[in-house]
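Q: coords please:
(chains A and B)
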Protein chains: 2
Amino acid sequence: MASLSKSYLDLVNDCDSLPYDEPLQAPREHWSTLYRFFLPEDSRPHGLMLPEIVKKMPWTSDFHVDHTARAVHLKPEDTTSDLSTSCTNAFSKLIQRSIDQDNFIVIHKRHSEHYPIVGYKHPVKFERYAGNLFGFVSRGAHLTVHSNTKDGMKIWVPRRSAHLFTYPNCLDTTVAGGVPAGEGPFECIVREADEEASLAEDLVRREAKACGCITYVGLTDPRGNGEQGLLSSDLIYVYDLELPEGVGCRQNDDEVKEFHLMSIEEVKQGLRAGEFKTNSALVMIDFFIRHGIIKSEEEKHYTEIMARLHRKLPLPTAAE
Amino acid sequence: MASLSKSYLDLVNDCDSLPYDEPLQAPREHWSTLYRFFLPEDSRPHGLMLPEIVKKMPWTSDFHVDHTARAVHLKPEDTTSDLSTSCTNAFSKLIQRSIDQDNFIVIHKRHSEHYPIVGYKHPVKFERYAGNLFGFVSRGAHLTVHSNTKDGMKIWVPRRSAHLFTYPNCLDTTVAGGVPAGEGPFECIVREADEEASLAEDLVRREAKACGCITYVGLTDPRGNGEQGLLSSDLIYVYDLELPEGVGCRQNDDEVKEFHLMSIEEVKQGLRAGEFKTNSALVMIDFFIRHGIIKSEEEKHYTEIMARLHRKLPLPTAAE
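A: Predicted coordinates:
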């Protein structure tokens, strides 16, 4: 690790890894093979699936695969319930069948928490681990906690526990988590700030500030354990919190090993060394840009980095 | 004006008006008609020109038009000077010829200040008014000056003079200007803050903070006086400055009629009423998002707005 020297653009490339189409050119090869996933009463695709996943998925009779149009349509057989319930149940049955048959590594035989389908008008839930198989948009929320000290700005950086399934021992954003169904990003941050960093609810409600969001499209990590090359459209809401003097972050649950109050230079070293969880590195780069720590005069790829941190996702993010 | 009620997304659409290609679809019609503009020793196009402009341009022998490849190549005849000088001179001769022949409304027979070609390794200059004809990236810098008052945050908003050629009488960012050749965005802000708002150089150097950049691709405004439908790739560096109590902005040059210290609600009203210069409205929206004034829970199009404010430009922004 110590010999790595990653640039900020390298770190962006690690997450925003799906190639862009070139202007004036035909779409790249990867698009032509994908299947679009449709939900009832919405003409826009909400998922993008690899053909090998479409083939392997143990579809129930709620789903209709059209190989000519390269499309999958969810049309729940149950027409007596509301769409939210019938679609959620259809996903639930399908995932249960996938778990029973053990078809997919990313699900690895386990149920997971419920995520919403972003940009769909009905509150439909699916299980988090299955999201990448369908190419749904995945929502997270990250809070960067910083303090002004006599030695300048410092940032509270946790090290992840060694036993975690993803990114063990990596450095991370102060507080971070997926935003489950039925919860807004700010409420998610309030909850996680207590669970992960022992920060009091009233402090977080009063002082945490929404500062935008980050979006990128990745291909699932070939270094990971799961299926490779799945499209992963990620949306991360970012928040800042400046701690008053005398207040600090404290390890609370077993996801975090320990917290360090790092100088900007120490965080930069951690980024260069590739020590941060990959998407947490992007949150830190966005923080550095918003706080004037990375400047256009010093970072040649400033404009590209800003655009890549805010990629227009290929799927809807607002209900029609 | 009072009857308008523009949403934040409407304001974004006013600037970022070039349609996006849909994922999985062939590129849109507009791309197939464009000519790419190439500079020496760089394989990437630095400009995108409409065919009618290519036809109308009084090309000198420094430029080579290839109608089959839909490309224009600058190959300066003068091979004794360095490329920076020979390319700059070639543009200068061409623009002079355009002015003499009065071919283009956007130049309207006048010389204008020198802009650099963004992302080209040699410092080549062209005249600002001609930039849109070639579809070069245009650089600006905007500074939002705010104060914390007993009634909450307020923003210093100027009203543009009635005699200005563009956007007379509109509301604007506190300080804004194009970034000319040979000047960095921060230096531009320091200079303009004195010229436009009477802010002392040492104050601006000490307190102004770089906060990112905005990018979008427009088609020149059909309500304007110039050629229509030109591609306009804009890059705006954004800065914030929180004024200490007792310091204010004061009209200095004749571009600004007057300054008002507006509440957030007053700025929101000005945005809804379409009173802001179009790209200054985007700078204000970006400011609102970075400062938690616009929240994802309240703005349905939050994610789309963030992506559209940071569009990946179809032209290079960093030298190879």
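
Q: which residue packs closest to A:G270, ignoring adjacent ones?
A: A:L171 (5.0 Å; CB to CB, 6 or more residues apart in numbering or on different chains). All C-beta atoms are positioned from the backbone trio N, CA, C, and that covers glycine.

Q: run through the bridge partners of the one you found.
A: Beta-bridge partners recorded for A:L171 (DSSP bridges): A:R159, A:F276.

Q: what ranges do the helices span in chain A?
A: Secondary structure of chain A (DSSP state H): helices located at A:8-15, A:29-33, A:51-56, A:83-101, A:131-134, A:185-197, A:201-207, A:264-272, A:278-290, A:302-308.

Q: now the worst-scoring helix or strand of chain A on mean pLDDT: how far from the chain's centre is it?
A: Least confident helix or strand, chain A: helix A:29-33 with a mean of 82, by mean pLDDT, DSSP states H and E. Centroid separation for helix A:29-33 versus its chain: 23 Å, with CA atoms, centre = their mean, to the nearest Å.

Q: name the surrounding residues that touch that helix.
A: Contact with helix A:29-33 is made by A:L18, A:P19, A:D21, A:L50, A:P51, A:R70, B:P23, B:L24, as judged by CB atoms under 8 Å, 6 or more residues apart in numbering or on different chains.

Q: list the contacts of the third one.
A: Taking CB under 8 Å, 6+ apart as the definition of contact, the neighbours of A:D21 are A:P27, A:R28, A:W31, B:D21, B:P27.

Q: if we go to 7 Å?
A: Going by CB atoms under 7 Å, 6 or more residues apart in numbering or on different chains, A:D21 touches A:P27, A:R28, B:D21.

Q: residues from the stretch 1-150 of chain A in reach of chain B?
A: Within the stretch 1-150 of chain A, the residues that sit near chain B (CB under 7 Å from any CB of the partner chain) are A:Y20, A:D21, A:P23, A:L24, A:Q25, A:A26, A:P27, A:W31, A:L34, A:R36.

Q: now with 6 Å?
A: Residues of the stretch 1-150 of chain A lying near chain B by CB under 6 Å from any CB of the partner chain: A:P23, A:L24, A:W31.

Q: still on that earlier bit, residue contacts, the residue nearest to A:G270?
A: A:V157, A:R159, A:G270, A:E275, A:F276 (CB atoms under 6 Å, 6 or more residues apart in numbering or on different chains).

Q: tell me, what residue is most central in chain A?
A: The residue lying closest to the centre of chain A (CA atoms, centre = their mean) is A:D234, at 4.2 Å.

Q: surely that one meets A:F136?
A: No: between A:D234 and A:F136 there is no contact under CB atoms under 6 Å: 10.6 Å.

Q: which bits of the stretch 201-320 of chain A sit near chain B?
A: Residues of the stretch 201-320 of chain A lying near chain B by CB under 6 Å from any CB: A:209-213, A:215, A:235, A:237, A:289-290, A:292, A:295-297, A:300-301, A:303-304, A:306-307, A:310, A:312, A:314, A:317-318.

Q: the residues you listed, buried ones only, as a ChimeraX selection?
A: Buried subset of those, written as a ChimeraX selection, criterion 16 or more other CB atoms under 10 Å in any protein chain shown:
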select /A:210,211,212,213,215,235,237,289,290,295,296,300,301,303,304,306,307,310,312,314,317,318
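
Q: closest one of the contacts of helix A:29-33 to A:T166?
A: Ranked by distance to A:T166 (CB to CB), the contacts of helix A:29-33 are led by A:L18 at 19.6 Å.

Q: thinking the closest one is in contact with A:T220, fair?
A: No: A:L18 is beyond contact range of A:T220, at 10.6 Å (criterion: CB under 6 Å).

Q: could you list the low-pLDDT ranges of the stretch 201-320 of chain A?
A: A:222-225 (pLDDT under 70).

Q: next one: the residue in the stretch 1-150 of chain A that chain B sits nearest to from A:I289, what distance?
A: Going by CB to the nearest CB, chain B is nearest to A:P23 of the stretch 1-150 of chain A, at 3.8 Å. For A:P23, the distance to A:I289 (CB to CB, to the nearest Å) stands at 25 Å.

Q: neighbours of A:L4, how many?
A: Residue crowding around A:L4 was assessed by other CB atoms under 10 Å in any protein chain shown; the count is 10.

Q: still on that earlier bit, got a list of what the residue nearest to the centre of chain A touches?
A: Shown in contact with A:D234 (CB under 6 Å, 6+ apart): A:S138, A:Y216.

Q: might one say that A:V238 is in contact with A:A208?
A: No: between A:V238 and A:A208 there is no contact, the gap being 10.6 Å when judged by CB under 6 Å.

Q: next up, the contacts around the residue of the stretch 51-200 of chain A at minimum distance from chain B.
A: Per CB to the nearest CB, A:G184 is where the stretch 51-200 of chain A lies closest to chain B, at 5.1 Å. Residues near A:G184 by CB under 6 Å, 6+ apart: B:E297.

Q: follow-up on the earlier one: and the contacts of helix A:29-33, which are buried?
A: A:L18, A:L50, A:R70, B:P23, B:L24.

Q: nearest to B:P116 among those residues?
A: Of all those, A:L18 has the smallest distance to B:P116: 31.3 Å, by CB to CB.

Q: could you check the pLDDT of that closest one?
A: Per-residue pLDDT puts A:L18 at 92.

Q: now stretch A:167-177: buried residues?
A: Buried residues in stretch A:167-177, counted by 16+ other CB under 10 Å: A:Y167, A:C170, A:L171, A:D172, A:T173, A:T174, A:V175, A:A176, A:G177.

Q: any idea how far the last one lies from B:K121?
A: Same thing as A:G177. 43 Å.

Q: and A:L203, by the same measure?
A: Taking CB to CB as the measure, A:L203 falls 50 Å from B:K121.

Q: and for A:D42?
A: Separation of A:D42 from B:K121 (CB to CB): 47 Å.

Q: higher neighbour count, those two?
A: A:D42 (17 against 14).

Q: tell me the phi and psi of that one?
A: phi -150, psi 120 (degrees, to the nearest 10).

Q: hang on, the earlier thing: of all the residues of the stretch 1-150 of chain A next to chain B, which comes closest to B:I189?
A: Within the residues of the stretch 1-150 of chain A next to chain B, proximity to B:I189 (CB to CB) peaks at A:P23, which comes in at 30.4 Å.

Q: with adjacent residues omitted, what lies nearest to that closest one?
A: Leaving aside its chain neighbours, A:P23 sits nearest to B:P314 (3.8 Å; criterion: CB to CB, 6+ apart).

Q: against B:E29, how distant is the one you found?
A: Per CB to CB, B:P314 is found 15 Å from B:E29.

Q: swap in A:Q25?
A: Taking CB to CB, one finds A:Q25 at 14 Å from B:E29.

Q: what's the answer for A:K209, then?
A: According to CB to CB, A:K209 and B:E29 sit 43 Å apart.

Q: how about A:D172?
A: Computed as CB to CB, the A:D172 to B:E29 distance reads 46 Å.

Q: swap in A:Y120?
A: From A:Y120 to B:E29 the distance is 30 Å (CB to CB).

Q: more neighbours: which of these two?
A: Using other CB under 10 Å as the criterion, A:Y120 and B:E29 rank with A:Y120 on top: 23 against 8.

Q: contacts only, for that one.
A: A:Y120 touches A:L39, A:H46, counting by CB under 6 Å, 6+ apart.

Q: swap in the one 3 residues further on?
A: If a contact means CB under 6 Å, 6+ apart, then A:P123 has A:S84 as its contacts.

Q: please repeat the previous calculation with a cut-off of 8 Å.
A: Neighbours of A:P123 in contact, by CB under 8 Å, 6+ apart: A:S84, A:P116, A:A181, A:G182.

Q: please apply the same query to A:S61.
A: Going by CB under 8 Å, 6+ apart, A:S61 touches A:E77.
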